[in-house]
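> Turn this into a model:
(one chain, ligands or ions: 3)
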Amino acid sequence: MVKRAISNVSKDAVKDRYKRPLRDLRISVTDRCNFRCVYCMPKSVFDKKYKFLPRSDLLSYEEIEQVVKAAAELGVCKIRLTGGEPLLRNDLEKLIEMIANVEGITDISLTTNASLLTLKRAQSLKDAGLQRLNVSLDALDDKTFMAVNDVGVSVQDVLDGIENASKVGFESIKVNMVVKKGLNDHSIVPMAKFFHGTGQILRFIEFMDVGNSNAWNLSNVVTSQEIADMIDSELPITPAEANYKGEVAKRWSYNDGGGEIGIISSVSAPFCGDCSRARLSATGSIYTCLFASSGHDLRKVLRGEDTRSVTQALREIWTPRQDKYSETRTQVSVLRPKVEMSFIGG
Ligand code: SAM
Ligand code: SF4
Ligand code: SF4
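Numbering: from 1, shown residues only. Ligands and ions are numbered 1, 2, ... in the order given. Model (predicted):
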């Protein structure tokens, strides 16, 4: 089981050009998903002919463990497993156990659509050392939710997954809702009312221009201020202090003591200044920004074709980092190739 520490500043901690440390590693364990969310893996692109990665191209768990060890030496303490849909990997528990034993790692979380989260699976993930869970759910009515996931999965399937997770007692369960104007913005207040008082923190995410498939346009974004105003008019809220520097979601507390919500405003109020996140794709490339065009190939290092140590390679990737995409994006998504969210994870 992972030991929690308030802070784990490694003596070899690295900083990028803007003095941002590397603290957080998001690991995509698969590029596959059983959903086709219209804002992430639209069927028009991810159809029957789409070529997902062959299993042999994915990093082995031993290789991922090596990257985690090197990252921990450089200051990483938080690991998030994501995808694609991470629960499509049957033996994910083995990887979680391996990561939980890496010195310096104090926090392990998983982002999932929860449709495959049976009680048995939730228990085995918890037993392996998973501490926190983020579940994505974009509406409470089947018509809207099915229009989002586009594969006919019902809201109840996801709520059952959340219920199973809460039965096994994770340290926290957060529910993430991506808001896209005209698609599910009418679900903002019903979602807030549903999760109010449950202890499960609902977080609203502005629709982002990740990848090149989702036809992003600024006019589809409901801003964090608009989201906060909508909720405030029904369930009054007050801004709350951040839990820690660099927290991605802006916190708001319900005035009646019914808990809190978070709003992630990567479009209307970007937070690049504190961004300490790197992403590892399922094929072993490191991305220093969610909106990067290309990654840095660590697989060659892991497989001995590049003679540097993984720690050295990671240091050389992070030190010159200058990414600040969200602070410089324009009204229309920049016309340059960007990696897909399902490839590097959210
Ligand atoms: N399949 C898992 C899930 O949906 O939770 C994990 C991977 S998914 C790529 C991670 C997160 O990215 C989800 O919360 C999803 O809603 C979010 N996401 C995907 N595309 C997005 C977009 N265009 N804008 C904002 N968030 C997005
Ligand atoms: Fe799959 Fe998650 Fe993307 Fe939806 S957001 S398509 S569940 S990876
Ligand atoms: Fe970090 Fe890039 Fe997002 Fe800015 S745009 S917060 S640098 S991932």
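> So which residues of the stretch 201-346 of the chain form strands?
In the stretch 201-346 of the chain, strands defined by DSSP state E, counting those that start in this stretch lie at 201-206, 237-239, 250-254, 260-264, 277-280, 285-287, 296-297, listed in chain order.
> For the first one, C-alpha coordinates in PDB please.
Presented in PDB, the C-alpha positions along strand 201-206 are these (Å, rounded to 0.1, in the frame of the first residue of the first chain):
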ATOM      1  CA  ILE A 201     -17.000  16.100  -6.000                       C
ATOM      2  CA  LEU A 202     -18.400  17.100  -9.400                       C
ATOM      3  CA  ARG A 203     -16.000  18.800 -11.700                       C
ATOM      4  CA  PHE A 204     -17.000  20.600 -14.900                       C
ATOM      5  CA  ILE A 205     -14.500  20.700 -17.700                       C
ATOM      6  CA  GLU A 206     -14.600  23.300 -20.500                       C
END
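> By residue count, which strand of this protein is the longest?
Ordering each strand of the chain by length in residues (DSSP state E) puts strand 172-179 first.
> That strand vs ligand 2: in contact?
No: for strand 172-179, no contact with ligand 2 is found by CB under 6 Å from any ligand atom; the gap never falls below 7.4 Å. Every C-beta, even on glycine, is put in place using the N, C-alpha and C of the backbone.
> And stretch 157-170, by the same measure?
No: using CB under 6 Å from any ligand atom, stretch 157-170 stays clear of ligand 2, with a minimum separation of 10.0 Å.
> Within range of ligand 2, give me the residues from the stretch 101-250 of the chain.
Residues of the stretch 101-250 of the chain lying near ligand 2 (CB under 6 Å from any ligand atom): 113, 136.
> mind redoing it with 8 Å?
Contacts of the stretch 101-250 of the chain with ligand 2, taken as CB under 8 Å from any ligand atom, map to 111-113, 136, 148-149, 178.
> Show me which of those is closest to Lys167.
Thr112 (15.8 Å; CB to CB).
> right, and the closest one touches Arg89 too?
No: using CB atoms under 8 Å, Thr112 is not in contact with Arg89; the gap is 11.0 Å.
> circling back: chain center to the longest strand of the chain: distance?
The chain centroid and the centroid of strand 172-179 are separated by 10 Å, computed with CA atoms, centre = their mean, to the nearest Å.
> Check which helices and strands that strand is in contact with.
strand 132-136, helix 155-168, helix 188-195, strand 201-206 (3 or more CB pairs under 8 Å, 6 or more residues apart in numbering; DSSP states H and E).
> Helix 188-195 and that one, what's the angle between them?
Relative orientation of strand 172-179 versus helix 188-195 (axes from the mean of the first three to the mean of the last three CA atoms, to 10 degrees): 170 degrees.
> does any part of strand 172-179 sit near ligand 3?
No: counting by CB under 8 Å from any ligand atom, ligand 3 is not contacted by strand 172-179; separation bottoms out at 15.0 Å.
> what about Phe52, how many neighbours?
For Phe52, the neighbour count with other CB atoms under 10 Å is 15.
> Where does it sit, in terms of helix or strand?
If you go by DSSP states H and E, Phe52 is not part of any helix or strand.
> wait, what's in contact with it?
Phe52 makes contact with 31-32, according to CB atoms under 8 Å, 6 or more residues apart in numbering.
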